[in-house]
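Undergrad: Dropping the sequence and predicted coords here.
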Amino acid sequence: MLIIADARLPEEALKNLSLHGEVVRFASRNITYASISGHPDIFFCKTPGQLIAAPNAPSEICRRLKQRNITMVSGNKPVAAQYPNSASYNAFVNRDCLIHNLNYTDKTIIDACKDLAAIHVKQAYTRCNLVEAGGLYITSDKGIEKVLKGLPLDVFYVDPGRILLTGENHGFFGGCAGLADNRLFVTGRIKSLPEWGELQKELTRRQINVVELYDGPLVDGGSILFLQTSDSSPKL
């Protein structure tokens, strides 16, 4: 297992994450603004069968992924300095659907997901705001919540007010989390959330186990990306 995570996450979280696979500590310089410059989900989008990378994703990290036989293709748009052009790769993709502000989604992602349901939302930082575990879509964006409930999908809202993101008022829940099999990894104490009691019931019902990576506040690190290295393609 190869795991891409923000190099600025708490050291304890990164060390605990390394117990589950080889951790690639992600960072970028002079590409986009500081608070998201280390966020893997700003530069990479996992789609069924391949990893799509922004053309200006850090070359050393891309070389490392290719050395580990990750199937990776380059997108069209470079990540830019400011929103929404910083969000072209921040789409949510699973085996069923692509969810994003489709006005800004890189065409390579659109093409890779042509057989999936395409769901438009206003929030272009979609992956930062959304993670799915066992069919439960957990979001910290009210607009995403409204759209997904209308489909209808099982949706759970988490208030982002207690989630840390350096340089911003707060982060988002999707950016605190990553899913590997039936384990939801979170960068901090999920049990500190006011919604934890109800969320725990929903996750338990779906046989999802929560792994808290360190004993501290939840930190938005731009998602944790888990990639299987036993074959040539990312496992969703």
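TA: Perfect, thanks for sending it. Just so it is clear, the structure is predicted and the values come from calculations on it, not from any experiment.
Undergrad: Residue 103 belongs to a strand, doesn't it?
TA: No: the assignment for residue 103, made by DSSP: H, G, I helix; E, B strand; the rest coil, is coil rather than a strand.
Undergrad: Tally up the residues packed near it, please.
TA: Residue 103: 9 surrounding residues under other Cβ atoms under 10 Å. For every residue, glycine as well, the C-beta is placed using N, CA and C.
Undergrad: do residue 98 as well
TA: Residue neighbour count, defined by other Cβ under 10 Å, stands at 24 for residue 98.
Undergrad: Can you name the residues that contact it?
TA: 47, 91-92, 105, 109-110, 113, 116-119 (Cβ atoms under 8 Å, 6 or more residues apart in numbering).
Undergrad: Tell me the most packed of those, by neighbour count.
TA: Taking other Cβ under 10 Å as the neighbour criterion, residue 91 ranks highest of these with 29 neighbours.
Undergrad: hang on, the earlier thing: among the contacts of residue 98, which one lies nearest to residue 204?
TA: residue 92 (23.3 Å; Cβ to Cβ).
Undergrad: Among the contacts of residue 98, which ones are in helices?
TA: Among the contacts of residue 98, the residues falling in helices (DSSP state H) are 109-110.
Undergrad: Please produce JSON lines containing the contacts of residue 98, extended by pLDDT and distance to residue 57.
TA: Below are the contacts of residue 98 laid out as JSON lines (pLDDT from 0 to 100; distance: Cβ to Cβ, whole Å):
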{"residue": "47", "pLDDT": "96", "distance to residue 57": "15"}
{"residue": "91", "pLDDT": "98", "distance to residue 57": "15"}
{"residue": "92", "pLDDT": "98", "distance to residue 57": "19"}
{"residue": "105", "pLDDT": "98", "distance to residue 57": "16"}
{"residue": "109", "pLDDT": "98", "distance to residue 57": "14"}
{"residue": "110", "pLDDT": "98", "distance to residue 57": "18"}
{"residue": "113", "pLDDT": "98", "distance to residue 57": "19"}
{"residue": "116", "pLDDT": "98", "distance to residue 57": "23"}
{"residue": "117", "pLDDT": "98", "distance to residue 57": "27"}
{"residue": "118", "pLDDT": "98", "distance to residue 57": "24"}
{"residue": "119", "pLDDT": "98", "distance to residue 57": "25"}
